[in-house]
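Engineer: I'll drop the sequence and a predicted model, then ask my questions.
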Amino acid sequence: MDTKVIGCTTTGLSKYRGLLSALNPSVLLIEEAAETLEANVTASIIPSLEQVILVGDHRQLTANTTLDRFMSHPYFMSISLFERLVNNGMGYTMLNKQRRMIPEVRELLCIDPNPFYVNLHDHPNVLDRINHRPPVPGMRFDSFFFSHKWQERRDVNMSCYNAPEAEMVAGFFNYLVINGIKPDKITVLTV
């Protein structure tokens with residue numbers, strides 16, 4: 001078979017491990033490796049592999065399981081293989097030029113004395129978008145930040161939610177639509 005790239009989830013790879021192993025892949029790339037359970041990465045290691053590439057951000061989202069009792073001592077399943085390797089001193093490359101966020105958001109992540117990222121810079125294409133972006137109808141500024149003290153809750157599936165925050169964001173979203181912004185042009189980020 002002359003397949004160049006095979007895409008699947010780590011669950012799919014585990015499920016079809018025999019079939020994929022028969023194809024003798026030489027490279028495994030795992031996207032969002034910081035969120036991928038160590039067991040899933042380990043199960044993905046096929047004998048023919050020459051290189052494993054883990055892509056992700058060990059400072060952001062962590063691996064997750066639906067059973068809280070496995071997240072900490074003695075199992076620590078919330079620590080991915082990616083994060084474990086970084087924490088144990090394995091060399092890695094951290095990108096320092098971002099191409100997605102507007103500068104105001106990037107600046108929030110770099111505030112001293114405790115920056116989330118150090119030496120993160122904007123790629124010129126981000127600045128070009130800023131310079132050529134029309135003003136947001138109904139707003140004085142094109143970015144809007146707010147903080148609150150409304151408590152988050154968890155549902156039966158352990159998913160977090162915050163009803164007052166959702167109502168505020170939905171109301172603000174509707175305000176923007178009423179002022180002429182198309183819904184598919186609005187981005188909402190929550191932390």
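Structural biologist: Nice, thanks for sending it over.
Engineer: what does the longest helix belonging to the chain contact?
Structural biologist: Ranked by residue count and defined by DSSP state H, the top helix of the chain is helix 163-178. Defining contact as C-beta atoms under 8 Å, 6 or more residues apart in numbering, one finds that helix 163-178 is touched by 136-139, 144, 146, 148, 150, 153, 183, 186, 188, 190. Any C-beta I mention is one placed from the backbone N, CA and C, and that applies to glycine too.
Engineer: and if we set it to 7 Å?
Structural biologist: Contact with helix 163-178 is made by G138, H148, W150, P183, I186, V188, as judged by C-beta atoms under 7 Å, 6 or more residues apart in numbering.
Engineer: how about stretch 33-49?
Structural biologist: So stretch 33-49 is contacted by 10, 13-14, 20-21, 24-26, 28, 30, 54-58, 60-65, 77, 80-84 (C-beta under 7 Å, 6+ apart).
Engineer: residues of it that come out buried?
Structural biologist: Using 16 or more other C-beta atoms under 10 Å as the test for burial, stretch 33-49 gives A33, A34, E35, T36, L37, E38, N40, V41, S44, I46.
Engineer: now swap in stretch 87-103 and tell me
Structural biologist: Q98, I102.
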